[in-house]
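A.B. asks: structure here, sequence nowhere to be found:
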């Protein structure tokens with residue numbers, strides 16, 4: 001019986017054969033070359049590494065090393081993953097890793113063909129970002145107990161994420177030197193190491209100043225930390241830790257935790273700006289999107305909300 005949950009799929013992956021040295025070496029060389037040539041973010045490189053290692057463990061030398069695998073092996077692996085219940089989005093990410101890997105082999109002259117050339121990416125369902133209502137955002141931001149150092153930190157993080165439209169990875173990875181309180185701006189390092197300046201806004205700046213003055217020194221102790229937001233023991237926060245605190249405060253604010261995503265405040269930032277008349281190009285710069293087409297998805301969210309408001313309040317809706 002095929003696994004149906006992520007936990008079951010992880011258990012099955014653990015039963016695959018260990019990674020062979022020849023495949024580990026090829027993957028390591030590829031990731032190192034990709035880092036030096038393209039400057040991709042560490043998270044992207046780690047994702048490529050995990051996807052390629054998963055393929056290598058499944059492949060297990062059935063027709064040599066994965067560096068020499070043919071199109072049939074790749075097709076069989078994608079088919080196997082589909083039967084195991086991996087999502088189309090997950091399989092599309094895997095195919096991106098495989099394409100980058102074999103393109104690297106071609107550039108080096110290590111092989112003469114690209115086995116991914118005729119493999120079609122899975123069709124991805126078009127899902128709209130889930131934004132909170134403005135009243136829900138207000139309740140979420142007010143949920144932390146700001147009398148406690150961790151609560152004040154949480155309030156500053158939530159305010160900053162909503163005010164600046166940050167990705168979770170950008171928020172937890174912020175350096176203390178990225179904040180310019182005098183000018184009221186934040187220097188954000190986004191995908192691919194691209195930097196952008198984002199205005200803080202009065203509320204976010206107020207809570208950030210309080211965190212820096214009252215909470216961060218207590219969390220840091222006598223140690224010097226480069227990271228802006230710290231955990232209870234003075235360590236840098238992880239994305240998982242931030243996700244946990246968002247869930248906790250959402251429940252306290254009366255918001256169903258199942259209805260909020262790690263990017264919920266970023267999506268809300270974008271949707272609320274559009275609802276209040278923001279220009280799409282400005283929103284693209286604030287979000288750090290390389291393509292305007294990525295930003296345009298939020299116009300669909302705003303349009304859907306306007307339809308619901310019309311249906312609810314218009315006498316002939």
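C.D. replies: Perfect, I can see it now. These figures come from a predicted structure and were not determined experimentally.
A.B. asks: low-confidence ranges in the stretch 101-250 of the chain?
C.D. replies: Scanning the stretch 101-250 of the chain with the threshold set as pLDDT under 70 gives 123-129.
A.B. asks: and if we set it to 90?
C.D. replies: For the stretch 101-250 of the chain, the stretches with pLDDT under 90 are 117-134, 137, 161-170, 182, 184-201, 219-226, 232-240, 243.
A.B. asks: what's the burial count for residue 289?
C.D. replies: 18 (other CB atoms under 10 Å). Yep, even glycine has a C-beta here, placed from its N, CA and C like the rest.
A.B. asks: does it sit in a helix, a strand or a coil?
C.D. replies: With DSSP: H, G, I helix; E, B strand; the rest coil as the basis, residue 289 sits in coil.
A.B. asks: what of residue 55?
C.D. replies: Here residue 55 is recorded as helix under three-state DSSP.
A.B. asks: isn't it up against residue 102?
C.D. replies: No. Under the criterion of CB atoms under 8 Å, residue 55 is not in contact with residue 102, lying 11.3 Å apart.
A.B. asks: next structured bit after the longest helix seen in the chain?
C.D. replies: Longest helix in the chain, counting residues (DSSP state H): helix 88-107. Later in the chain than helix 88-107, the nearest helix or strand by DSSP states H and E is helix 134-141.
A.B. asks: now that next one: buried residues?
C.D. replies: Within helix 134-141, the residues that count as buried by 16 or more other CB atoms under 10 Å are 136-137, 139-141.
A.B. asks: mind putting these into CSV with distance to residue 220?
C.D. replies: Formatted as CSV, the buried residues of helix 134-141 follow (distance: CB to CB, whole Å):
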residue, distance to residue 220
136, 32
137, 29
139, 30
140, 26
141, 24
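A.B. asks: among those, which pair sits farthest apart?
C.D. replies: Largest separation among these by CB to CB: 136 and 141, giving 9.7 Å.
A.B. asks: do a quick rundown of the strands in the protein.
C.D. replies: Per DSSP state E, the chain carries strands over the ranges 179-180, 185-189, 195-199.
A.B. asks: packing partners for the second one?
C.D. replies: Same thing as strand 185-189. helix 149-164, strand 179-180, strand 195-199 (3 or more CB pairs under 8 Å, 6 or more residues apart in numbering; DSSP states H and E).
A.B. asks: need the contact list for the closest residue to residue 160 other than its chain neighbours.
C.D. replies: Leaving out its chain neighbours, the residue that sits closest to residue 160 by CB to CB, 6 or more residues apart in numbering is residue 204, at 5.1 Å. For residue 204, the contacting residues are 156, 159-160, 162-164, by CB atoms under 8 Å, 6 or more residues apart in numbering.
A.B. asks: try 7 Å this time
C.D. replies: 159-160, 163-164 (CB atoms under 7 Å, 6 or more residues apart in numbering).
A.B. asks: could you do residue 74 as well?
C.D. replies: By CB under 7 Å, 6+ apart, residue 74 lies in contact with 98, 115-116, 119.
A.B. asks: from these, which is closest to residue 38?
C.D. replies: Minimum separation from residue 38 among the contacts of residue 74 (CB to CB) is found for residue 98, which lies at 16.3 Å.
A.B. asks: got TSV for the contacts of residue 74, with neighbour count and distance to residue 285 too?
C.D. replies: Below are these laid out as TSV (neighbours: other CB atoms under 10 Å; distance: CB to CB, whole Å):
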residue	neighbour count	distance to residue 285
98	23	33
115	20	39
116	19	34
119	15	35
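A.B. asks: quick one: buried residues of stretch 22-35?
C.D. replies: The neighbour-count check on stretch 22-35 (16+ other CB under 10 Å) flags 23, 26-27, 30-31, 34 as buried.
A.B. asks: brilliant, that's me finished.
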